[in-house]
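S.K.: The sequence isn't on hand, but the structure is:
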């Protein structure tokens, strides 16, 4: 069914105006009329019609000028204008279209053709409105994405600059191709007075390239703060990136381990352009790339061998990403390694390499094709820096395999604290348990819930016989927990070696009256019910299951085999 439109008819001839009004009204549209162009503009401003039938030749203001004004008033909204004309010359018809007309119809008017043109313009108007809505939606979503990226970038920058990049002996320049920088620069002072500097260049640029920077920075700063060696840091970064990055995404990187006390530089370069040691007298030697990038090789095949270079106070270390060498001029020539070496050769011994390279790039009229990074570290004797804060957790440690602990959670703790996440994190320090994390957590949660709810709070699970009873059960649980003034839950954990691997034992007991575990296990279980699942679930998931006489304590075991 044709959609109803509001249509303005601008026609100076009263008879023609009445005829058109009758035809258009009978077709179901709302009609507004004007006797000249000036009147048409005034009505358009007040009524905002959706389509205009405009006579070309009118007194006061003709249709050509009126059409131009109406198009200006409509802005980016499409208001089709169909010219009504008796003109036959091609030049006159062209003028109708140039004035803003979208179509024209000749006098005398054919009602069928007129209706077809009106409907066609209505469809065109609806199509344009849909396009505008989609454009506005895309603009809003793009702005939302930009806002989210700005927030993410602020977090990213804080993590990436958590170390000692602001040290007086470090200068760097980074010019990202997109909002996010695919190049990553990290620096940290270790507890043993070594300085670690990492320049990384992830595949591509922008957010996809920067996505691996957070775990890389976490590993770098966390392990540096705990005193791990540069080799340990390097191996863990490679293993983490290999585990989390998709195929085809990796990080070219150079890691510097500087010990001015020992006068040594340990350098590992995997895929970045050669860096340089620049001596106090201006001589320079390359820090050659010898390895595959991080995240490419499996941990067992990773080559973590460092080159060792003697250094002394006054030497400078220069690192750069491939965005420097790949900068291009108007002739599509790359800046390249030879131009870089010439810059280093021409520099005065005391002159900053970064300044000279930037000047050379500017003179070359380089166009950045990738994220661009330059970093220069000057070796200064006696410089005191603050070690990296111990801000991250989860760095690798030897797995503890022979220990036990017991926690007694009393009334105030039971009221205000959920111990399960902390206990799980403690258990996951045992690397062999990590692949069972979900199972261990489920069993631990069921044991704790049974002890708290049925032992300490004395709740009867038979309340959960229906949906309403289920709701009432947890409402009563909250009430009793808030009023709890005595009672306790004890959780015992024991991790030990076995002949074939290892074993985790968890015992949970409580201050309640106990219950008949065997009777619960032998009772008929209805799968569609809302209670009676906990003990059965524990027995099914755990490798071992037992209980104390009186039912005030339950023990479970998890076992694992020794890795081959």
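M.R.: Ah, there it is. The model shown is predicted, which means the values in this text are computed figures rather than measured ones. Residues are numbered from 1 along each chain as shown.
S.K.: tell me the mean pLDDT over the helix or strand where residue 345 lies?
M.R.: Secondary-structure assignment from DSSP states H and E places residue 345 in helix 336-346. Averaging pLDDT along helix 336-346 yields 90.
S.K.: State the next helix or strand along the chain beyond that helix.
M.R.: helix 353-364.
S.K.: which other helices and strands contact that following helix?
M.R.: Counting contacts by 3 or more Cβ pairs under 8 Å, 6 or more residues apart in numbering; DSSP states H and E, helix 353-364 packs against strand 170-175, strand 316-320, helix 336-346, strand 372-378. From N, CA and C alone the C-beta is placed, and that goes for glycine too.
S.K.: in the protein, which helix or strand is least confident?
M.R.: Across the helices and strands of the chain, mean confidence by mean pLDDT, DSSP states H and E is lowest for helix 207-210: a mean of 62.
S.K.: Now do stretch 69-87: everything it contacts.
M.R.: The contact list for stretch 69-87 (Cβ atoms under 8 Å, 6 or more residues apart in numbering) reads 11, 16, 20, 37, 40-41, 44-45, 49-57, 63, 67, 92-93, 96, 100-107, 109, 117-118, 121, 124-125, 128-129, 132.
S.K.: Where is the longest helix in the protein?
M.R.: As assigned by DSSP state H, the longest helix anywhere in the chain is helix 111-160.
S.K.: I'd like the next helix or strand past the helix or strand residue 474 falls within.
M.R.: Assignment of secondary structure by DSSP H and E places residue 474 within helix 467-482. Per DSSP H and E, the first helix or strand lying C-terminal to helix 467-482 is strand 488-497.
S.K.: domains of the chain?
M.R.: 6-131, 161-378, 403-561 (automatic domain parsing).
S.K.: most tightly surrounded among these?
M.R.: Neighbour counts (mean count of other Cβ atoms under 10 Å) averaged over each of those peak at domain 161-378, with a mean of 19.
S.K.: Quick one: distance of it to the chain centre.
M.R.: Computed by Cα atoms, centre = their mean, to the nearest Å, the chain-centroid distance of domain 161-378 equals 24 Å.
S.K.: cool, stretch 61-81 as well?
M.R.: From the chain centre to the centre of stretch 61-81 is a distance of 46 Å (Cα atoms, centre = their mean).
S.K.: ditto for stretch 547-555
M.R.: Centroid displacement of stretch 547-555 relative to its chain, using Cα atoms, centre = their mean, is 48 Å.
S.K.: Need the distance between the two termini of that stretch.
M.R.: End-to-end span of stretch 547-555 (Cα to Cα, to the nearest Å): 6 Å.
S.K.: Spatially nearest residue to residue 516, not counting backbone neighbours?
M.R.: Spatial nearest neighbour of residue 516, chain neighbours left out: residue 551 (6.0 Å); criterion: Cβ to Cβ, 6 or more residues apart in numbering.
S.K.: Doesn't the one you found lie inside a strand?
M.R.: No. Read with DSSP: H, G, I helix; E, B strand; the rest coil, residue 551 is coil and lies in no strand.
S.K.: what's the next secondary structure element after the least confident helix or strand of the chain?
M.R.: Counting by DSSP H and E, the next helix or strand C-terminal to helix 207-210 is helix 213-225.
S.K.: neighbouring contacts of the helix holding residue 345?
M.R.: Contact with helix 336-346 is made by 273-274, 276, 278, 284, 318, 320, 324-325, 353, 356-357, 360, 364, as judged by Cβ under 8 Å, 6+ apart.
S.K.: Stretch 351-369 now?
M.R.: Residues from elsewhere that reach stretch 351-369 (Cβ under 8 Å, 6+ apart): 171-173, 175, 177, 276, 278, 316, 318, 320, 323-324, 326-330, 335, 339-340, 343-344, 346-347, 374, 376.
S.K.: what does the average pLDDT come to for it?
M.R.: For stretch 351-369, mean pLDDT is 79.
S.K.: Kind regards, and thank you for your time.
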